[in-house]
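Q: 3D model of this:
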Amino acid sequence: MYEAGDTRVGFTLQSVSKPLTYALALDAHGAEAVATRIGVEPSGDAFNSIALAPETGVPSNAMVNAGAITASSLVADGTSFAAVLDAYGSFAGRALEVDEAVFESERVTGHRNRAIAHLLRTFGVIGDPDDALERYFRQCAVLVDSRDLALVGATLANGGVHPLTGTVAVRPEVVRQVLSVMASCGMYDGAGAWMSAVGLPAKSGVSGGILAVLPGRLAVACYSPLLDDHGNSVRGTAVCRELSERFGLHLVRPGERQASPVRSAVDLTAARSKRVRTVEEREALAELGSRALVVELQGELGFEAVEQLNRLVRAAGRLEALVLDLGRVSRIDPGGHVLLVELVSALRDAAVDVRLAGLGAAPDGASLTASLGGASSTDLAVEACESTLLERAGVATPVTETELAEHPFLARLTELDRAAVVRHLVPRRYAAGATIARQGARADDLFIVTRGLVNIVDDSEPDAPRRAATVPSGGVFGEIGIALGGRRSATVLADTDVDVHVLDRRALGALRQGHPRAYAAVLEELLTGLAHTATRLDREVAALAAG
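A: Sure thing, here's the model as predicted:
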C-alpha cells in the first residue's frame, strides 16, 4: 500500500458505488438475467442523461444513473440496505457508514434522478421507483477515504477476494463482467479518451473520487474534488495518467508476462562464493548467512515485478547484505528501472550492502551500473557480501602473508613431520596477473599459498571465463592433481603478487618412502580439503535445484 497526500480524508462514493451495486446484482441474479434489464454498451451521453437504449428500452450500462438505479432495484429483491452496506464493507475490508446529511440532501434535490426512475418504471424496467431511488441515494452517500477505495479496487484486482482479510466479496466471473463494463463505460462520455491514455478499467464520482483497476496486479484510488466537463476529477485523471505512463500500467501495453520475477532466493547458508575461507570464517558465515540474501531475477522487470522483489526483501527480516543477479532479465521497463533504483538506494541508506550482478547481460545494465554500481559476476558479489558480514561481526580476514610453519596445511603436523615435508617443497614466486597453471596441462603438483591471492578460472569459454575459486594466503590448490594426476580442469592466475611452495607427485612418493608418518599426515590434510570442496559443491547443486 502506497499513500500520498490526504489519504484519510472522508468523502462519499457517489458514482464509484455503481460497480459495487452492479456486482451485487450480478452475484444475486446472474449475468443473463441482469442483461435483460441493464445493457453493456457505452451511451456516449452524460451520466445523468434521461434516456434509454432505443433498441431495447433498458439503460445502456450500469455506470450511468439509469443503469445504477436499475441495479439498486435488482439488489432490493429480498435484500435490506444494511446487507448492501455490509457487502460494500467486504470490498473495503471494514464496516462503512452512510453520510446521512449527504443522503438527505440528494434525496431532497435529486429531481433529475426521480425523472429517470419514473421513466424506468414506465418501461417496466424497475418496480417501485421510490424504493429504488432511496437505495440509490444511500449507496451514493456511503462514506469512504482513499485507502478504503484502494482496497475496494484491490479486491476487484484480486478476483473478488479482499487481499488482506481473505473475504470473498463476489465471484471471479462477476469481477470480469464488472471490470469489462468499467473499461468501456466507467468514465462516462470520456471513457474512450481515458482508456486510450490511461488504459485501466475505472470509475469516477462527482465527489472527486476515481477508482482504477489493473486485473491481477494492482489498483489506484484518487480523491480530488475539482471536476472536468465529463464529471471526472481533473487532478485524479492527471495522476492516473502519469502513474500509467511511468510504471507501464496500461492494460494493453506490449511486453512479456512472467509468473514470477524471482527465479531463486537463497541466503548465504546455502549459497557461498568460490573463495576458500578459513575455518573461523566458515563457522561465522554458517551463523551469519541468514542475514544475506542472493536473489536471481528473470524475465521482465516492471512495476509489479520490482514490487514483488520489494516484498520478498522486506519479509527476509534482519538483512545486512543482498545480491541481485540480473543475468536472466530480458527487459527492464522505465517504471521497473525507477523503482529498482529507489529500492536499492533505500536499502543502502538502511546499511544493507546491495550488490548487483549479471549486469553485462541485462538490457538496461549500463544505465543501472551508472546509477547503482555493479559486480562482474554473482560469485564476486557473493564474496563481497560475505566479507561485509564477516567485517561487521568482527571476524578478521586472513592475513595476506602466512609463515610456512604456521600454514593451516602444515600447522597440525608434528614438528618432525612438518620438517620432513618442508624439505620436499619448492618455493616459487609469481607476479600479479601471471599464469601459475594452464587449463588442460598436466596436474601433478600441490600448491601451498603463503602470500597473496590466487584465482582459479574455468576459461573453456574465452568470452565468458568463470571463476571456480579464489585461494588466499593460507590456502592450497591442486589436491586432486597430486592425488590422482591427469589434466588441470581450470587455469590458475595470480590475482596479486603470489608466493607458493610446491609439492609434486615425485616428492610425495619420496616422502612416502622416507617419512611414512609425514606422508600419512599430508594425505589426511588432502582428504580434509577435498571434503570441504565436496560440501561446497553439494550446497551449490542444492541451491540450483531449489531454483
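Q: for the stretch 201-350 of the chain, what spans make up the helices?
A: Here the stretch 201-350 of the chain has its helices, by DSSP state H, counting those that start in this stretch, at 234-247, 279-288, 303-314, 334-349.
Q: what's the helix or strand bottoming out on mean pLDDT in the chain in contact with?
A: Lowest by mean pLDDT, DSSP states H and E among the helices and strands of the chain is helix 365-372, with a mean of 72. For helix 365-372, contacts defined as Cβ atoms under 8 Å, 6 or more residues apart in numbering pick out 326, 332, 337, 340-341, 344-345, 354, 356, 358-359, 362, 374. Glycine gets a C-beta too; all of them are placed from N, C-alpha and C.
Q: Could you tell me the end-to-end distance of stretch 495-510?
A: End-to-end distance of stretch 495-510 (Cα to Cα, to the nearest Å): 32 Å.
Q: what comes up buried for it?
A: 496, 498, 499, 500, 501, 502, 503, 504, 505, 507, 508 (16 or more other Cβ atoms under 10 Å).
Q: where does the second one fall, phi/psi-wise?
A: When you say that, I think you mean residue 498. phi -130, psi 140 (degrees, to the nearest 10).
Q: Surely it and residue 451 touch.
A: Yes: counting by Cβ atoms under 8 Å, residue 451 is a contact partner of residue 498 at 6.3 Å.
Q: Please convert the helices of the stretch 201-350 of the chain to TSV, extending it with mean neighbour count.
A: What follows is the helices of the stretch 201-350 of the chain, written out as TSV (neighbours: other Cβ atoms under 10 Å):
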stretch	mean neighbour count
helix 234-247	18
helix 279-288	15
helix 303-314	18
helix 334-349	17
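Q: Mind putting these into a markdown table with distance to residue 488 and mean pLDDT?
A: Putting those into a markdown table (distance: least, Cβ to Cβ, whole Å; pLDDT from 0 to 100) gives the following:
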| stretch | distance to residue 488 | mean pLDDT |
| --- | --- | --- |
| helix 234-247 | 51 | 94 |
| helix 279-288 | 25 | 89 |
| helix 303-314 | 40 | 90 |
| helix 334-349 | 39 | 90 |
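Q: May I see those arranged in CSV, with distance to residue 23 as well?
A: CSV is the format used below for the helices of the stretch 201-350 of the chain (distance: least, Cβ to Cβ, whole Å):
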stretch, distance to residue 23
helix 234-247, 21
helix 279-288, 51
helix 303-314, 24
helix 334-349, 29
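Q: can you tell me which of those helices comes nearest to residue 102?
A: Nearest to residue 102, of all the helices of the stretch 201-350 of the chain, is helix 234-247, at 19.3 Å by Cβ to Cβ.
Q: got the angle between the closest one and helix 303-314?
A: For helix 234-247 against helix 303-314, the angle by axes from the mean of the first three to the mean of the last three Cα atoms, to 10 degrees is 80 degrees.
Q: Could you number the chain from 156 rather than 1 from now on?
A: Will do, 156 is the new start, and the previous item becomes helix 389-402.
Q: other SSEs contacting helix 389-402?
A: helix 346-352, strand 364-369, strand 373-378, helix 489-504 (3 or more Cβ pairs under 8 Å, 6 or more residues apart in numbering; DSSP states H and E).
Q: Quick check: residue 479 touching residue 509?
A: Yes: using Cβ under 8 Å, residue 479 and residue 509 qualify as a contacting pair, with a distance of 6.9 Å.
Q: any shared contact partners between the two?
A: Common contact partners of residue 479 and residue 509 (Cβ under 8 Å, 6+ apart): residue 499.
Q: This structure - how does it break down into domains?
A: 166-402, 417-547, 559-701 (automatic domain parsing).
Q: for this protein, which spans come out with low pLDDT?
A: Within the chain, the segments meeting pLDDT under 70 span 199-206, 208-210, 409-414, 515-520, 529-531, 552-554, 616-620, 688-689, 691-702.
Q: partners of the longest strand seen in it, with directions?
A: Secondary structure of the chain per DSSP state E: the longest strand is strand 476-487. The strands that strand 476-487 pairs with in its sheet are strand 447-456 (parallel), strand 508-512 (parallel) (by DSSP bridges).
Q: who wins for proximity to residue 264 among those strands?
A: strand 447-456 (50.8 Å).
Q: would you put the C-alpha positions of that closest one in PDB?
A: As requested, the backbone C-alpha atoms of strand 447-456 are provided in PDB (Å, rounded to 0.1, in the frame of the first residue of the first chain):
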ATOM      1  CA  ALA A 447      22.300 -12.100   3.500                       C
ATOM      2  CA  LEU A 448      20.100 -13.000   0.500                       C
ATOM      3  CA  VAL A 449      21.100 -13.900  -3.100                       C
ATOM      4  CA  VAL A 450      18.100 -13.300  -5.400                       C
ATOM      5  CA  GLU A 451      18.200 -14.300  -9.100                       C
ATOM      6  CA  LEU A 452      15.700 -12.300 -11.200                       C
ATOM      7  CA  GLN A 453      14.300 -13.300 -14.500                       C
ATOM      8  CA  GLY A 454      12.000 -12.100 -17.400                       C
ATOM      9  CA  GLU A 455      10.600  -8.600 -17.500                       C
ATOM     10  CA  LEU A 456      11.100  -6.200 -14.600                       C
END
